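Engineer: Below are the sequence and a predicted model for it; my questions follow.
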Amino acid sequence: MNGSRIAVVGGGISGLGAAWLLSRRHSVTLFEGNDYVGGHSRTRDVPGRDGPVPVDTGFIVYNERNYPHLSSLFRQLDVPTRDSDMSFAFRSADGGLEWAGDSVNKLFAQRRNLLSPSFLRMVGDILRFNRRARRFLADDSTGEPSLGEFLDAMNASSELRQQYLLPMAAAIWSCPPQDMLAFPARRFLQFFHNHGLLDVANRPQWRTVAGGAREYVRRMLPGITGGYHTRTPVRRISRVKEGVELFGDDGLLGRFDQVVVGAHADQTLAMLEQPSYWEERLLSAFRYQENIGWLHSDPQLMPRLRRVWASWNYQAGAQQQPASVTYWMNRLQGLDGVGDVFVSLNPESPPDESLVYERAVYDHPVFDGAAVRAQGMMEQIQGRDRIWFCGSYLGYGFHEDGLRSAVNVAGRLGVRPAWLDPEPVTQGGLFGSPIVATG
């Protein structure tokens with residue numbers, strides 16, 4: 001297989017990672033429909049006091065514990081990083097309740113909550129939830145309930161659900177709070193455990209890319225042997241006797257020995273000409289949630305009490321509406337020489353137009369039982385007729401999951417990253433069984 005001509009479709013972390021890895025041994029060409037490579041790694045400049053200040057609007061943070069591949073990639077590329085934090089704040093729909101979780105003072109920023117039975121019940125239920133979750137994870141005989149069923153079994157209060165757990169989960173996965181109830185409980189709780197969210201202490205140190213995520217993208221692009229093409233959407237992937245052909249808006253883009261598709265599952269299925277039974281069944285199991293993102297400087301989308309401001313600021317709304325979260329980028333990325341800058345997803349009311357730098361649309365995978373079952377069966381379609389699949393939808397939907405899927409596909413095509421040992425890649429793990437990933 002040495003020297004194969006390989007096409008990679010999609011320039012997010014999954015496709016970019018696959019193209020960069022495979023270029024060590026093969027001739028690789030990357031095709032991306034957008035006018036930039038990076039997918040959710042989208043850095044934009046905002047005006048600062050001494051010139052442009054780079055701000056990320058998609059991928060923002062990672063940690064060494066739960067992002068081992070990404071951390072290793074950054075070290076290999078000498079990507080500059082700095083400490084960040086992942087503090088969380090909640091604001092009720094009417095603004096009557098506000099709290100943040102990074103200190104006791106901020107938890108009780110509204111002093112009346114010191115005497116509020118419902119608020120104190122939520123705090124007590126958080127501790128009870130954490131204990132119950134740890135016991136559940138330690139017992140393999142507990143079955144596979146949904147998160148909603150797990151909460152019902154522990155008789156969780158409405159305060160725990162509506163003012164803490166579902167808002168935090170919806171903010172993490174960028175989906176409506178009620179959708180989280182269908183999330184498989186064991187996967188959900190394992191994620192919380194891996195990220196230290198079931199403990200008051202022992203949480204990982206979060207980091208962000210200094211200069212924005214585009215810094216790692218810039219370092220990867222020169223390593224793609226066959227080059228990359230932006231503004232070149234792939235419309236059709238066709239299997240032929242001699243290989244696989246890709247077609248764009250203007251016809252044939254090329255014929256290749258192998259094709260790696262790093263697009264979203266629904267986009268991937270739409271590209272495949274005459275998909276097989278298993279391709280149709282598995283790729284259609286993944287749903288996506290559209291999220292509208294705003295890069296702006298309007299503080300009206302933040303908690304009213306500035307002492308409550310956190311890195312992630314959740315605004316409660318209708319349970320079936322997408323999560324409304326405002327990220328305080330100054331705190332997340334340590335921005336200097338600029339006033340307050342925010343990224344808001346799905347605000348109930350858009351920010352003041354005069355304070356908006358950019359509006360963007362992002363799609364995030366929704367992880368329900370059907371999606372998790374499909375993850376465990378992806379080996380049915382990997383490499384069949386020379387087509388391979390990677391993407392963050394094969395894990396928890398995060399950067400590490402996308403890169404991990406790229407590492408696994410590259411391994412199947414004979415290439416291992418320098419940070420892994422030389423043991424051969426097996427057919428288990430990511431593609432052979434349901435994932436218990438690290439986020």
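Structural biologist: Yes, it's here.
Engineer: alpha carbons only for contacts and neighbour counts from here, please
Structural biologist: Fine.
Engineer: and the closest residue to residue 77 other than its chain neighbours, how far is that from residue 80?
Structural biologist: Once flanking residues are discounted, residue 77 sits nearest to residue 219: 6.5 Å by C-alpha to C-alpha, 6 or more residues apart in numbering. Using C-alpha to C-alpha, to the nearest Å, residue 219 is found at 11 Å from residue 80.
Engineer: low-confidence ranges in the chain?
Structural biologist: 1-2, 318-320, 421-439 (pLDDT under 70).
Engineer: What ranges does the stretch 51-200 of the chain have for its strands?
Structural biologist: Per DSSP state E, counting those that start in this stretch, the stretch 51-200 of the chain carries strands over the ranges 51-56, 61-63, 81-83, 88-91, 98-100.
Engineer: among the ones you listed, which is nearest residue 373?
Structural biologist: strand 61-63 (26.6 Å; C-alpha to C-alpha).
Engineer: For the strand or helix carrying the residue nearest to residue 77, enumerate the helices and strands it packs against.
Structural biologist: Assigned by DSSP states H and E, residue 219 falls within helix 214-220. Helices and strands touching helix 214-220, as assessed by 3 or more C-alpha pairs under 8 Å, 6 or more residues apart in numbering; DSSP states H and E, comprise helix 68-77.
Engineer: How far away from the center of its chain is the helix it packs on?
Structural biologist: 17 Å (C-alpha atoms, centre = their mean, to the nearest Å).
Engineer: Which of the three states applies to the residue nearest to residue 382 when sequence neighbours are not counted?
Structural biologist: In space, and not counting its chain neighbours, residue 382 is closest to residue 388: 5.1 Å by C-alpha to C-alpha, 6+ apart. Three-state call for residue 388 (DSSP: H, G, I helix; E, B strand; the rest coil): strand.
Engineer: So residue 388 sits against residue 263, correct?
Structural biologist: No. Using C-alpha atoms under 8 Å as the test, residue 388 is too far from residue 263 to be in contact (11.1 Å).
Engineer: out of the two, which sits in the busier spot?
Structural biologist: residue 263 (25 against 21; other C-alpha atoms under 10 Å).
Engineer: what about the residue nearest to that one when sequence neighbours are not counted, how many neighbours?
Structural biologist: Distances taken as C-alpha to C-alpha, 6+ apart put residue 10 closest to residue 263, at 5.1 Å, once the chain neighbours are dropped. Residues contacting residue 10 under the criterion other C-alpha under 10 Å number 32.
Engineer: Equivalent analysis for residue 117, please.
Structural biologist: 10.
Engineer: where's it relative to residue 103, distance?
Structural biologist: For residue 117 relative to residue 103 (C-alpha to C-alpha), the value is 20 Å.
Engineer: next one: residue 282
Structural biologist: In terms of C-alpha to C-alpha, residue 282 sits 44 Å off from residue 103.
Engineer: ok, now residue 142?
Structural biologist: Taken as C-alpha to C-alpha, the span from residue 142 to residue 103 is 34 Å.
Engineer: Equivalent analysis for residue 264, please.
Structural biologist: Taking C-alpha to C-alpha, one finds residue 264 at 38 Å from residue 103.
Engineer: more crowded one of the two?
Structural biologist: The residue with more neighbours, out of residue 264 and residue 103, is residue 264; 23 against 12, by other C-alpha under 10 Å.
Engineer: now that one, nearest residue through space, not along the chain?
Structural biologist: The shortest distance from residue 264 to any non-neighbouring residue, by C-alpha to C-alpha, 6+ apart, is to residue 391 (6.6 Å).
Engineer: Residue 89 now?
Structural biologist: Closest to residue 89 by C-alpha to C-alpha, 6+ apart is residue 100, at 4.0 Å.
Engineer: tally of neighbours for the one you found?
Structural biologist: 25.
Engineer: hang on, it packs against residue 311?
Structural biologist: No. Contact criterion C-alpha under 8 Å: residue 100 and residue 311 do not qualify, at 9.8 Å.
Engineer: got any residues that touch both of the two?
Structural biologist: Residues touching both residue 100 and residue 311 by C-alpha atoms under 8 Å, 6 or more residues apart in numbering: 87-89.
Engineer: can you pick the most crowded of the residues you listed?
Structural biologist: residue 89 (27 neighbours).
Engineer: In contact with it: list those residues for me.
Structural biologist: Applying C-alpha under 8 Å, 6+ apart, the residues contacting residue 89 are 98-101, 308-314.
Engineer: so what's residue 171 up against?
Structural biologist: Taking C-alpha under 8 Å, 6+ apart, one finds 312, 314, 323-325 in contact with residue 171.
Engineer: I misspoke; the intended subject was residue 278.
Structural biologist: Going by C-alpha under 8 Å, 6+ apart, residue 278 touches 380-381.
Engineer: hmm, try it at 6 Å
Structural biologist: With contact set as C-alpha atoms under 6 Å, 6 or more residues apart in numbering, residue 278 has no partners.
Engineer: I'd like to know which elements the helix or strand hosting residue 343 is packed against.
Structural biologist: Residue 343 is located in strand 342-345, with elements delineated by DSSP H and E. Under the contact definition 3 or more C-alpha pairs under 6 Å, 6 or more residues apart in numbering; DSSP states H and E, strand 342-345 sits against strand 287-296, strand 324-328.
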